[in-house]
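Asks: give me a 3D structure for the following:
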Amino acid sequence: MTLIYYRKNTIIQTRVTVLHDNNLVKMLCKIIKILKITFIVVVISYCLEVECGRVKRVVGGAAVECGAQPRVASLRNASTSQHLCGATVLTAEFASTAAHCVRADTQYLLQLDNWCGEPPKTRVLEVITHELYDKYSRTHDIALLRTEPVDWPGINENVLPEHYFGATGECTVYGYGVKNVTTNELSETLMAANVRIISLDECVEALGQYVAPAYDSGMTCAVGNGVDTCDGDSGGAMMCSGLLEGISSYGLGCLPGVPAVYTGVRAHLAWIQDIMQNGPQSTDYPAARHSNN
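Replies: Numbering: from 1, shown residues only. Below is the predicted model of the structure:
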């Protein structure tokens, strides 16, 4: 009887120990998961605050022949001529960029570095930031630049979409930024890479709910095969079938094959058109603004 009792007790003890271990493992997994999420949120929040990592440049792309995309500009510090972000010339007086690229205390100029020959420049007179832009979540990450009027030869055709419906399919992203993440070497030549617009569901699955944009954020996602935008390409163009469909905003590092996030131009088309036609004082679309005069 003692032997049987001992065996039964041993079996009971073993089962309790196994159950205890299983619960411990589950608890540890939950803790690790929470720590991972916390780490990602902290890193992203830090990067958003100091504007690191999520300022984008084209990695793994190909050089663009001069004159092929002359409207894709370099947004520069007017005092130092340092490249800051990308921009896209929309009309003789307006260009687009990302809202997180511009600050109220900085003077800017646009330089068209894809020009064949000496790149033309123009001074930015006014920066108009979307009123719903949030620097922490990067929602509605778009700003318009009002420049000195310039008759840009060969880039007077309309580059904006005509409809508000969402864009799909294959596109090309452009940038002047870091082309080698190991050496942080900047590209003096405009670089391009092919990407594919994906659904926000796919974006959430790939990036996670804390990195992927919300459904009402005015943002979209695209992914390339072995390419990505990286440091310095923020504000640059995502062109689809010759139209500006996205503005490079942020991503999870400079990881080829991982989706990057872009400001959807169609989602902000009414705001863009209203600002260009009526100015930033429009009552329908109020905007944060500052003048560089």
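Asks: burial of P149, as a residue count?
Replies: For P149, the neighbour count with other Cβ atoms under 10 Å is 11. Every residue, glycine included, has its C-beta placed from N, CA and C.
Asks: that one contacts A92, correct?
Replies: Yes - using Cβ atoms under 8 Å as the test, P149 is close enough to A92 to be in contact (5.1 Å).
Asks: W271 belongs to a helix, doesn't it?
Replies: Yes - counting by DSSP: H, G, I helix; E, B strand; the rest coil, W271 is found in a helix.
Asks: could you count how many residues lie near it?
Replies: Neighbour count for W271, taken as other Cβ under 10 Å: 21.
Asks: look up how far A214 lies from the closest residue to V159 other than its chain neighbours.
Replies: Nearest non-adjacent residue to V159, counting by Cβ to Cβ, 6 or more residues apart in numbering: L244, 4.9 Å away. Per Cβ to Cβ, to the nearest Å, L244 is found 22 Å from A214.
Asks: higher neighbour count, those two?
Replies: A direct count of neighbours by other Cβ under 10 Å for L244 and A214 places L244 higher, at 23 against 12.
Asks: residue contacts, that one?
Replies: L244 makes contact with T88, L90, S96, V159, L160, P161, A237, M238, V265 under the criterion Cβ atoms under 8 Å, 6 or more residues apart in numbering.
Asks: ok, so what distance separates H163 from G224?
Replies: As defined by Cβ to Cβ, H163 lies at a distance of 25 Å from G224.
Asks: of these two, who's got more company?
Replies: Per other Cβ under 10 Å, whichever of H163 and G224 has more neighbours is G224, with 24 against 8.
Asks: which stretches in the stretch 51-200 of the chain count as helices?
Replies: Secondary structure of the stretch 51-200 of the chain, counting by DSSP state H, counting those that start in this stretch: helices at 200-207.
Asks: where's the closest residue to G175 other than its chain neighbours, which helix or strand?
Replies: Leaving aside its chain neighbours, G175 sits nearest to D233 (3.1 Å; criterion: Cβ to Cβ, 6+ apart). For D233, there is no enclosing helix or strand under DSSP states H and E.
Asks: one step back: from the contacts of L244, pick the one nearest K135.
Replies: K135 has its nearest neighbour among the contacts of L244 in S96, at 17.8 Å by Cβ to Cβ.
Asks: which residues are in contact with the closest one?
Replies: The contact partners of S96, by Cβ under 8 Å, 6+ apart, come to A87, T88, L90, I142, A143, L144, L145, G235, L244, I247, V265, I272.
Asks: closest one of the residues you listed to P153?
Replies: Once Cβ to Cβ is applied, the member of the contacts of S96 that ends up nearest P153 is L90, at 15.8 Å.
Asks: ok, that closest one to A222 distance?
Replies: 20 Å.
Asks: more neighbours: these two, which one.
Replies: Under the criterion of other Cβ under 10 Å, the comparison of L90 against A222 puts A222 first, with 27 against 21.
Asks: tell me the contacts of that one?
Replies: By Cβ under 8 Å, 6+ apart, A222 lies in contact with C171, V173, V195, R196, I197, I198, M238, G246, P259, A260, Y262.
Asks: what's the pLDDT at it?
Replies: The model reports A222 with a pLDDT of 94.
Asks: that one belongs to a strand?
Replies: Yes - the assignment for A222 by three-state DSSP puts it in a strand.
Asks: where's it relative to R146, distance?
Replies: From A222 across to R146, the span is 28 Å (Cβ to Cβ).
Asks: same check on E93?
Replies: As judged by Cβ to Cβ, E93 and R146 stand 6 Å apart.
Asks: more neighbours: these two, which one.
Replies: R146 (21 against 17).
Asks: wait, the more buried one touches F94, no?
Replies: Yes - counting by Cβ under 8 Å, R146 touches F94, with 6.0 Å between them.
Asks: so where's the stretch 101-250 of the chain uncertain?
Replies: For the stretch 101-250 of the chain, applying pLDDT under 70 flags the ranges 177-187, 226-232.
Asks: leaving out chain neighbours, which residue sits closest to I198?
Replies: Closest to I198 by Cβ to Cβ, 6+ apart is C221, at 5.3 Å.
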